[in-house]
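Engineer: no letters, just coordinates:
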């Protein structure tokens with residue numbers, strides 16, 4: 001199968017809420033990566049903020065001909081740090097193989113849950 005996608009993606013509007021409602025669903029963000037190629041994709045995430053330096057060191061892997069959901073409430077940096085909650089940020093995703101990227105946010109802070117999803121911006 002042909003490897004579709006790009007190696008660099010931007011997600012400009014991300015926000016990991018610390019508030020969740022009652023029940024099984026918790027507020028979270030996820031980056032869904034699809035790798036149609038024949039080699040595993042090694043992924044690096046860099047977080048960009050409005051008023052502080054960028055933070056890197058977040059890594060994931062998407063196997064060949066697979067999909068992988070990177071849960072941003074669960075990922076840790078190389079130094080073991082989680083993503084800070086309640087602060088707006090952007091994500092620069094870099095992969096060593098072409099991938100397709102979709103971003104989703106589930107907000108369960110009220111009884112009327114909201115799901116937002118969008119295709120990330122592919123950089124040429």
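Structural biologist: All right, it came through fine. This one's a predicted model, so the numbers in the text were calculated from it and none came from an experiment. Numbering: from 1, shown residues only.
Engineer: what sits against the residue nearest to residue 90 when sequence neighbours are not counted?
Structural biologist: Nearest residue to residue 90, sequence neighbours excluded (C-beta to C-beta, 6 or more residues apart in numbering): residue 48, at 4.4 Å. C-betas here are computed from N, CA, C, even on glycine. By C-beta atoms under 8 Å, 6 or more residues apart in numbering, residue 48 lies in contact with 54, 89-92.
Engineer: and these, which of them are buried?
Structural biologist: 89, 91-92 (16 or more other C-beta atoms under 10 Å).
Engineer: can you tell me which of the residues you listed end up in strands?
Structural biologist: In this view, the buried ones among the contacts of residue 48 that belong to strands under DSSP state E are 89, 91-92.
Engineer: can I get those residues in TSV including pLDDT and distance to residue 82?
Structural biologist: Formatted as TSV, those follow (pLDDT from 0 to 100; distance: C-beta to C-beta, whole Å):
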residue	pLDDT	distance to residue 82
89	96	13
91	97	14
92	98	18
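Engineer: who are the packing partners of the strand or helix carrying residue 59?
Structural biologist: Per DSSP states H and E, residue 59 falls inside strand 55-62. Identification of packing neighbours for strand 55-62 by 3 or more C-beta pairs under 8 Å, 6 or more residues apart in numbering; DSSP states H and E yields strand 28-35, strand 41-49, strand 66-71.
Engineer: hmm, try it at 10 Å
Structural biologist: Strand 55-62 is packed against strand 28-35, strand 41-49, strand 66-71, strand 89-107, with contacts defined by 3 or more C-beta pairs under 10 Å, 6 or more residues apart in numbering; DSSP states H and E.
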